[in-house]
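In: Return atomic coordinates for the entry below.
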Amino acid sequence: MAGTAKAIDATKIHQGPGDLWIIAPAPDDTAQRLTLAADGTPDVAAHANCIHLGATMGGITTIIQEKLSPIEIDQADGPVLHIPVGVEMRIETELAQVNVDLLQHVLALGTYSTAAGYKQISIGGKLAITYLCVAAIAPKRSDPTKFIVSLLYKVLPQSGISILMGRDKPATNKVVFAGANDHTRSAGRQTGLIYETIA
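Out: This is a model prediction of the structure:
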């Protein structure tokens, strides 16, 4: 009898840095994916107002957690069915560049302003939340002209700002962008997308 082929492919093992972007405008429900330039950055014609969030420390992590509720019956000693009750998708990293221009994007309720001699984020009393579209983009190790992309269509920054300033190590700010459900999009693609380019 013939054996079954194994799926080991060392070229699919990813290692290497990525970049974190605020995407504006977000791709629509039909397009779903980002339009990328040849260098893997968001195409300026399709996404004219993107913002690169600078250098990161320790990489960028995409987390997807499905929540399933087990259905149990008296006639069985284990679940006989699982019902999907939710999904959580988020992107986490530590921003290495601690400047107000970038930090304004990690506060859901901050107000950015600038004038001669200063840039600032004021906090308190603002109730209107602005949602963002966020993407992590990394070149594939096996082919740096192809990319792995994690994309969240509608996110809120949920980590706030916590900056350590000291002599022992550089200041960083850990950020968490948590995906929200965008019910204006088609079912099955209302939170985000992970994909790789192959052509």
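
In: Residue 63 pairs with what?
Out: residue 90 (DSSP bridges).

In: Pull up the gap between it and residue 159, please.
Out: Going from residue 63 to residue 159 by CB to CB, to the nearest Å gives 13 Å. In this view, the C-beta of every residue, glycine as well, is placed from N, C-alpha and C.

In: just residue 107 next, same as before
Out: 9 Å.

In: Then residue 187?
Out: As for residue 187, its distance to residue 159 is 29 Å (criterion: CB to CB).

In: Do you have the helices of this protein handy? List them.
Out: Taking DSSP state H, the helices of the chain run over residues 100-103.

In: Do a quick rundown of the strands in it.
Out: Assigned by DSSP state E, the chain shows strands spanning 19-22, 51-52, 56-71, 81-95, 110-115, 118-123, 132-140, 143-157, 173-179, 192-196.

In: Determine how far the fifth one lies from the middle of the whole chain.
Out: So the one you mean is strand 110-115. Mean-position distance between strand 110-115 and its chain equals 24 Å (CA atoms, centre = their mean, to the nearest Å).

In: List the contacts of the closest residue to residue 123 other than its chain neighbours.
Out: Nearest residue to residue 123, sequence neighbours excluded (CB to CB, 6 or more residues apart in numbering): residue 110, at 5.4 Å. Contact analysis of residue 110 by CB atoms under 8 Å, 6 or more residues apart in numbering lists 104, 121-123, 126.

In: how close does residue 110 get to residue 52?
Out: Using CB to CB, we find residue 110 at a distance of 19 Å from residue 52.

In: State the pair within the contacts of residue 110 that is farthest apart.
Out: Distance extremes for the contacts of residue 110: the farthest pair is 104 and 126 at 12.3 Å, using CB to CB.

In: More neighbours: these two, which one.
Out: residue 104 (19 against 13; other CB atoms under 10 Å).

In: what's the model's confidence in stretch 180-195, averaged?
Out: The average pLDDT within stretch 180-195 is 92.
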